[in-house]
Structure formats: structure tokens, C-alpha cells
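Chemist: Provided below for reference: sequence and predicted model.
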Amino acid sequence: MHIMEGYLPVGHAVGWALASAPFLAWGIKNLTRQLREQPESRLVLGASGGFAFVLSALKIPSVTGSCSHPTGVGLGAILFGPATMSVLGFVVLLFQALLLAHGGLTTLGANTFSMAIVGSFVAYGIYRGGAAMKLPGNLSIFLAATLGDLTTYVVTSLQLALAFPDPVSGFAGSAVKFLGIFAVTQIPLAISEGLLTVLVMNLLRSHAGEQIAALVPALKGATK
Amino acid sequence: MKKQNLLLLLGVIVLGLIPLFTVKPAHEGDEIFGGADGQAEGVITEIRPDYKPWFAPFWEPPSGEIESLLFGLQAAIGAGAVAFCLGYYRGRRSVAKPADAALG
């Protein structure tokens, strides 16, 4: 989902940066309040950031014959809320833009929007929706992480289609091309991310049950 | 719980392995499993052949090896953070309740 450095026209680069900025400001505010009010949650926050670091570093082969990577933002979005997780996702993207030349500074706004913001909000919304519908907890976590991941790649495709509409078939034609690359490739990877998120949440709940319950009361009580 | 975790892990491994066996290059010798990000770059060039990236990274890993080193490092840092958190709370709990820890 990394749009490469310089590959968005200036107007789009600036536009996405402006769109992302308020979410990051909101997230930083939440994050500092979180750390002040629940300082003991910082290790779990570190683990959530760490999870996004690992998952977004793993390029995994897919059935389309190309490789892509999961995002790992679902876990932290469920535990700390989407705004806070947007900040952690942004840190991951900044690290990759500066040290790996993966993504870029001019496309950081767009990439932050798709992965850190939309990914987090979709994951959080689906988790809460699943909980409201009384779905089994782990199923809600799985769906949240999987669909958050997939939506990120859909947004990337649409961002590129918006910047590069096909001369003949326009935005829609271009969107189909980019979705064919990103979204289809991502389906098995998104499922993997869903499974891994449930796995790590299980581990956190059985070893740090109290801390997890303090963050999300619904996750209280580790199933042994 | 243990059994569910093992099944989850197995699912991830199987999902990662399937493409390695099912996907074959369209032409003999073609490289497969390239990055989706790079393919998108190809489509951009196809749609707008005149588009020139207007900004270049300040620094790029000088080779594929260095790049994979840095990706490996990123994964290691992340895994370290997750494992530190799990290990810390597990250890703290077993100190608080030594009897439980002895029972495993």
C-alpha cells in the first residue's frame, strides 16, 4: 500500500497530508492523556506498536503472484482506539520512508491516511459493531483486523485512481486496475493478519489479562 | 486456548505457503512474487507515460541485501517489543503467585 516517493502529484500529496493532520493531532492528544491516566498501559502500547512494526515488515507471497504486507494496526486500534493507533501507524510509515525508501515523505500523508487512519477506524468500528451484535469476541477481532487491512489497500487503490485516472475509462477504469493489484493480492494476507491478531490478543489476554481488561473491559477474562 | 493458538499459527503458515506451490510464472524464467507497490508504479507509467516522480528519497538502501537487513531489523524490533511486554507480565504474575507458576 505504500505509494512511492514522488508518485502523487503535488496537489494530492498536500491534500492527503492536510486530511491526515487533524487525526494525528487528535491521536497525539489521546495518546498523551492515555499515558498520563494509565501509565501502566505503556507496555501494551509498545506491544501494539511492535505488532504493527513486525507485520508491516513482512512481505508475504499471495495467490496473484506478487508480494505485499499486512499492516498490523487492528490490534492497537481495538486496544487503544483508532486515533491513538493512527499515531503509531504514522511512526511505522515514517520509519519506512526515511530508512527503507519504502513509501516516502511526499506520500506520507496519503499512506498515513490509508493505513494508519482508515485502517484503524475501520478495524475499531468493526470490532465495536461485532461486540454490539454479540458476535463471539475472537470473531469480532478477526473481522476487525482482516477488514481493516483490506480497506487500507482499497483506499490506496482509490487514491492512485484519483491521481491517475485512465485517459479512456477515467477514475473507474483506473480504480479497477489498481484494485486488481492491491486489493486482490491482499485478501489472503488480510486473513493472515486477522488470524495473527487473534493469536496475539489471546497471548496478551492470558499473560496480561488485567492490563487488557483495564483498556477494554469486554476483553476481560482470559479463556484458558 | 493453546490449541486455538496453534491452529491460528498453522493457518497463517498454510496461507503463506499455498501461493508458492500454486503460482507459476507466465513465461519460463519470469520473476514472480515481486512487490505490489512496484506493479502499481508500472500501471502509473502505463496510464501517464509522461509522469515523472517529482521527489526522490534522501537515502535509499544501496542494495537489496541492505534493504532486507533493514526490513529484518524492523521486524526484530517489533517482535522484541511484543515479546518484552508478554514476558514482563508473565514473569510478574509468576512472582506474584509462585504456586500458579509452578503448576504452569
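Modeler: Nice, thanks for sending it over.
Chemist: any low-confidence regions in chain B?
Modeler: Filtered on pLDDT under 70, chain B yields the residue ranges B:98-104.
Chemist: all strands of it, in order?
Modeler: In chain B, the segments counted as strands under DSSP state E are B:34-35.
Chemist: Can you tell me the centre-most residue of it?
Modeler: With distances taken as Cα atoms, centre = their mean, chain B has B:A75 as the residue nearest its mean C-alpha position (7.0 Å).
Chemist: now it: how far from A:L43?
Modeler: B:A75 is 19 Å from A:L43, where distance means Cβ to Cβ, to the nearest Å. For the C-beta atoms, the positions are set from N, CA and C on the backbone; glycine is no exception.
Chemist: what's the answer for B:F84, then?
Modeler: Counting by Cβ to Cβ, the gap from B:F84 to A:L43 is 7 Å.
Chemist: now do A:T32
Modeler: Relative to A:L43, A:T32 is positioned 17 Å away (Cβ to Cβ).
Chemist: Kindly report the same for B:K97.
Modeler: Distance, B:K97 to A:L43, by Cβ to Cβ: 19 Å.
Chemist: okay, the two: which has more neighbours?
Modeler: Legend: neighbour count by other Cβ atoms under 10 Å in any protein chain shown for B:K97 and A:L43, higher for A:L43 (17 against 11).
Chemist: now that one: how far from chain B?
Modeler: As judged by Cβ to the nearest Cβ, to the nearest Å, A:L43 and chain B stand 5 Å apart.
Chemist: just the helices in chain A please.
Modeler: A:10-37, A:42-57, A:73-80, A:82-99, A:108-111, A:119-132, A:137-163, A:170-207, A:209-215 (DSSP state H).
Chemist: got a list of contacts for the last one?
Modeler: Think helix A:209-215. With Cβ atoms under 8 Å, 6 or more residues apart in numbering or on different chains as the test, helix A:209-215 has contacts from A:38, A:40-41, A:43-44, A:79-80, A:201, A:204-205, A:219-222, B:89.
Chemist: any idea how far it is from the chain center?
Modeler: 22 Å (Cα atoms, centre = their mean, to the nearest Å).
Chemist: Over to the longest one?
Modeler: What separates the centre of helix A:170-207 from the centre of its chain is 9 Å, taken as Cα atoms, centre = their mean.
Chemist: Let me know the average pLDDT across that helix.
Modeler: Averaging pLDDT along helix A:170-207 yields 96.
Chemist: about what we covered before: the residue nearest to the centre of chain B touches A:L58, doesn't it?
Modeler: Yes - shown here, B:A75 and A:L58 form a contact pair, counting by Cβ atoms under 8 Å, at 6.2 Å.
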